[in-house]
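Asker: Predicted model and sequence below, questions to follow.
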Amino acid sequence: MSQENVELVRAAYSAINTGAIEAASEIYAPDVELRDLQSAPDQPLTVTGANALGEIWTSWTAAFDVLSADVTEYIDLSDVVIADAHWHGQGKASGVAIDNRQFDVFEVHDGKIVRVTLGYRSKAEALEAAGLRE
């Protein structure tokens with residue numbers, strides 16, 4: 001089952017990278033929760049529900065000419081998958097480039113992603129959040 005979870009997370013990144021936001025209904029649970037630690041570390045952005053997730057992805061992709069993530073490693077922890085992701089893009093209005101390596105944590109149950117936390121600064125932080133140590 002855990003390899004299937006890795007493939008589900010891989011599909012989530014593929015949907016983001018290709019702009020296939022409508023694929024979210026196949027990947028995410030209807031009550032999915034997204035936390036983005038990078039948006040404001042003291043008070044992270046949190047959205048709940050597949051529709052809200054689609055709206056936030058749409059707003060992010062609309063703000064960038066290019067926005068994508070290259071994942072260099074998927075850490076398979078059964079119901080949790082940690083992705084070592086290199087996010088990059090260029091703002092439409094500002095032209096400012098982003099180049100950010102972070103660790104994203106996905107929780108999977110019953111074949112759907114139920115929780116995503118984006119933006120851990122290290123593998124150790126992501127593993128600790130998943131209840132493990134490096």
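Answerer: That came in fine, so what should we check first?
Asker: which residues are in contact with the lowest-mean-pLDDT helix or strand in the chain?
Answerer: Ranked by mean pLDDT, DSSP states H and E, the helix or strand of the chain with the weakest confidence is helix 24-27, at a mean of 80. Residues from elsewhere that reach helix 24-27, judged by Cβ atoms under 8 Å, 6 or more residues apart in numbering: 8, 11-12, 15, 50, 53-54, 57, 112-113. Using the backbone N, CA and C atoms, a C-beta is placed for each residue, glycine as well.
Asker: Please identify which of these is nearest to Thr72.
Answerer: Ala12 (15.8 Å; Cβ to Cβ).
Asker: Spatially, what comes nearest to Gln3 if we skip its sequence neighbours?
Answerer: Leaving aside its sequence neighbours, Gln3 sits nearest to Asp76 (Cβ to Cβ, 6 or more residues apart in numbering; 7.0 Å).
Asker: Dihedrals phi and psi, the one you found?
Answerer: phi -90, psi 110 (degrees, to the nearest 10).
Asker: That one: how many residues sit nearby?
Answerer: 14 (other Cβ atoms under 10 Å).
Asker: And the pLDDT at it?
Answerer: Among the per-residue scores, Asp76 holds a pLDDT of 94.
Asker: Buried ones in stretch 18-35, by neighbour count?
Answerer: Residues 21, 23-24, 27-29, 32-35 are the ones in stretch 18-35 that count as buried (16 or more other Cβ atoms under 10 Å).
Asker: and these as TSV, adding distance to Thr117?
Answerer: Formatted as TSV, those follow (distance: Cβ to Cβ, whole Å):
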residue	distance to Thr117
Ile21	20
Ala23	20
Ala24	17
Ile27	16
Tyr28	14
Ala29	15
Val32	12
Glu33	9
Leu34	8
Arg35	5
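Asker: Taking those together, which two end up most distant?
Answerer: Ala23 and Arg35, at 20.8 Å, using Cβ to Cβ across the buried residues of stretch 18-35.
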